[in-house]
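Peer 1: structure for this input, please:
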Amino acid sequence: MALAVYSRVGSMLRATGADLDDVRALIASRYGLAIDARSLADLARDGRLLRPDIEMLKAVASILDVRVDDLLDVRDLEVGAAVTAPDDDILLDPERDERWRHLRAVRDRGDRPLTEREADELDALTAATARALIDLHIRELAEHRAVPIDTARAWVMDAAEDAARVAAELEADPVRMADAVKAVREERNARGG
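Peer 2: Model prediction:
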């Protein structure tokens, strides 16, 4: 049996009229839990959760005065859906996923170096996993925004191209890179995360 967990945090926040920044500030003041704005915004998007942060969910539930299970919708996936909708741990078919995990474990343990063939296989499996994860997020974005998958894919590709362009510009100008890193750190410190 396969399960999928979907967030209802966004709809609960909208129903109560709560503001994300206010909820974040309340969580920090009441529980001393620093939650970055992006993580809370991700949780507040109603849709499938790959790795629910239970501590964050408990804090949000407490602020909204509801139970944690009121913030979640757990669904039993049909057998066919379980094959096409990857869960949070398996993005490839089970055999390739097991091989990918094995090769990573061999590499990470350091018992022995990977052979050239194993290293190439690990690279290929890692690339396939990354593509599967990106495709999963594109499908979720399309579902969340109620747009065709091709539209969501175009948005993601445009954002990736913009990010690559900015990264190339920053790498070409070390002073600008240092200023950008400093600005991001200052913004992160100001947000408390």
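
Peer 1: domain map for the chain?
Peer 2: For the chain, the structural domains run 2-80, 90-146, 150-193, going by automatic domain parsing.

Peer 1: need phi/psi at the most centrally placed residue in the chain.
Peer 2: The residue lying closest to the centre of the chain (CA atoms, centre = their mean) is Leu50, at 7.0 Å. Phi and psi for Leu50, reported as degrees, to the nearest 10, are phi -80, psi -40.

Peer 1: which residues touch the closest residue to Arg139 other than its chain neighbours?
Peer 2: Spatial nearest neighbour of Arg139, excluding adjacent residues (CB to CB, 6 or more residues apart in numbering): Ile149 at 6.2 Å. For the C-beta atoms, the positions are set from N, CA and C on the backbone; glycine is no exception. By CB atoms under 8 Å, 6 or more residues apart in numbering, Ile149 lies in contact with 138-139, 142.

Peer 1: how about those in JSON lines, adding distance to Glu116, pLDDT and secondary structure?
Peer 2: Converted to JSON lines, those look like this (distance: CB to CB, whole Å; pLDDT from 0 to 100; DSSP: H, G, I helix; E, B strand; the rest coil):
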{"residue": "Ile138", "distance to Glu116": "33", "pLDDT": "87", "secondary structure": "helix"}
{"residue": "Arg139", "distance to Glu116": "35", "pLDDT": "85", "secondary structure": "helix"}
{"residue": "Ala142", "distance to Glu116": "39", "pLDDT": "84", "secondary structure": "helix"}
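
Peer 1: so which residues of this protein form helices?
Peer 2: Ranges of helices in the chain, per DSSP state H, are 9-16, 20-31, 37-43, 54-64, 79-84, 94-109, 116-145, 149-172, 174-191.

Peer 1: lowest-confidence helix or strand of this protein?
Peer 2: Across the helices and strands of the chain, the lowest-confidence element by mean pLDDT, DSSP states H and E is helix 79-84, at a mean of 40.

Peer 1: Ala18 reaches Leu64, doesn't it?
Peer 2: Yes: counting by CB atoms under 8 Å, Leu64 is a contact partner of Ala18 at 6.7 Å.

Peer 1: many thanks, have a good one.
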